[in-house]
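>>> Sequence first, predicted coordinates after that:
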Amino acid sequence: MKKWFSGIVATALLLAAAQPVWALDKVRFGSIRVPVQVFVGMKMGFFKEEGIEIESVFYKSGSEIAPALATGQVDAAITTSGAALFNAMARGAKITLVAEALALEPSAPGGDPTGIIVRSDLIKDPAAPARDLAGKTFATTAPGQILDIMLKTYLQKIGLSAADVKIVGMPMPDIIPALSNGAIDGAIVIDPFMSMLADSKKATIVARSADILPNASQAFIALSDKMMQQPDLSKRFIRAYLKTNTWMRQELPKPEGRKKIAEIFQEFVPAESAAVYARMSLGTASDSAAINVDGEYGLKWQLNVLREEGLIKGDPQLESHLNSGILKEAAEK
């Protein structure tokens, strides 16, 4: 009897071991090497809970992301607004924007990670910066990108135009030395560069992005055509992303929560130390993560600004590249 029972147990164990282990669905996620919510979701297990394994793919420039999505090199990505994105759409690139990735939100829980900085020695009257900025040289990443739109809108708000200053294109890492040696007088920058310059006292933050384009959507979660053909996977991916965004918004105002998030970002995108992430602004999507399309400074407004500048070639047919249904279904659980 004992031998018979032992044999049954051994057979059961062998059968259990032989059962297939269901593989997680792999999603290749593209971004430039900056801290984004997806990394937090990976570490916290939110994507694994939805049966998804994320494979990170890093690009040197945001301009590489739209082609990578259009050709299926990545399944999902974070991309910013601007002429590069709209022109890719106009060329027929199959890219679908499904959720917000960065909201220019006043009183955002993680702070505002984008702003206009000016050499501190140039600011004679903080109450009237236009008097000091006319004729000065400003850096932005590239013409027609969302940062370029922000800079020009800021100039308009203080009574200047783009023609009243000199605007040059410059990679973000080059801005710190250029401002330090006087090659430029100001720039629009993102963190950690903004915090580093402000901490050095060499530059003063004169405006934040949420003051310039309040409640605009600066960046988006975009899906490839291949991903859009898999609605269940797309929904699970966005559901995990929403869990991550909600968790971050809850935790960023807490010292212990911010410390944990800083440690995660340090693991995925190493800075000099995790302390850099602990003190700099860390953006999130809005609470709903819905893209601002029709509102003030929404996506349609941004597209029209670029059209008026002559930077859009063809018709992007924006509506055909937007899908709010996946976000709604993911939110309903």
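Yep, it's here. Residues are numbered from 1 along each chain as shown.
>>> Give me the buried stretch members for stretch 247-260, please.
By neighbour count on 16 or more other C-beta atoms under 10 Å, the buried set for stretch 247-260 is 247-249, 251-252, 257-258, 260. C-beta here means a position set from N, CA and C on the backbone, and glycine is covered the same way.
>>> Name the nearest of the residues you listed relative to Gln73.
The closest of the buried residues of stretch 247-260 to Gln73 turns out to be Met248 (C-beta to C-beta; 27.2 Å).
>>> so what's the closest one up against?
Going by C-beta atoms under 8 Å, 6 or more residues apart in numbering, Met248 touches 37, 40, 109-110, 261, 282, 284.
>>> Most neighbours among those, which one?
Counting neighbours by other C-beta atoms under 10 Å, Gln37 comes out on top of these with 28 neighbours.
>>> Can you tell me the SS state at the residue nearest to Arg91 when sequence neighbours are not counted?
Once flanking residues are discounted, Arg91 sits nearest to Gly314: 7.0 Å by C-beta to C-beta, 6 or more residues apart in numbering. The three-state label given to Gly314 by DSSP: H, G, I helix; E, B strand; the rest coil is coil.
>>> In this structure Gly314 contacts Ala90, no?
Yes - Gly314 is in contact with Ala90 according to C-beta atoms under 8 Å; the separation is 3.5 Å.
>>> between those two, which one's more packed in?
Ala90 (16 against 11).
>>> I figured that one hits Leu318, correct?
No - Ala90 is not in contact with Leu318 according to C-beta under 8 Å; the separation is 9.7 Å.
>>> and for the two, which residues touch both?
Shared contacts of Ala90 and Leu318 (C-beta under 8 Å, 6+ apart): none.
>>> which residues does Ala68 contact?
Neighbours of Ala68 in contact, by C-beta under 8 Å, 6+ apart: 30, 57, 59, 74, 77.
>>> contacting residues around the second one?
The reference is to Val57. 28-31, 68, 73-74.
>>> By residue count, tell me the biggest helix in the protein.
Longest helix in the chain by number of residues, with DSSP state H as the criterion: helix 231-251.
>>> what separates that helix from the chain centre, distance-wise?
Taking C-alpha atoms, centre = their mean, to the nearest Å, one finds the center of helix 231-251 at 15 Å from the center of the full chain.
>>> what comes up buried for that helix?
233-249, 251.
>>> Among the contacts of Val57, which ones are in helices?
Members of those lying in helices (criterion: DSSP H): Ala68.
>>> Now for the contacts of Val57: which two are most distant?
Most distant of these, by C-beta to C-beta, are Ser31 and Gln73, 12.7 Å apart.
>>> Now do the strands in the stretch 151-300 of the chain.
Assigned by DSSP state E, counting those that start in this stretch, the stretch 151-300 of the chain shows strands spanning 166-169, 186-190, 203-208, 217-224.
>>> Where does the prediction get shaky in this protein?
1-22, 126-130, 333 (pLDDT under 70).
>>> if we can go back for a sec, let's see the PyMOL selection covering just the buried ones among the contacts of Ala68.
Buried residues among those (16+ other C-beta under 10 Å), as a PyMOL selection:
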select buried, resi 30+59+74+77
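>>> what about Pro106, neighbour count?
So Pro106, with other C-beta under 10 Å, has 11 neighbours.
>>> pretty sure it belongs to a strand, no?
No - under three-state DSSP, Pro106 falls outside any strand and is assigned coil.
>>> quick one: Gly295 and Asn215 touch, right?
Yes - contact criterion C-beta under 8 Å: Gly295 and Asn215 qualify, at 6.6 Å.
>>> of Ser31 and Gln73, who's got more company?
More crowded of Ser31 and Gln73, by other C-beta under 10 Å: Ser31, with 23 against 16.
>>> I'd say that one and Val38 touch.
Yes - assessed by C-beta under 8 Å, Ser31 is found in contact with Val38 at 7.5 Å.
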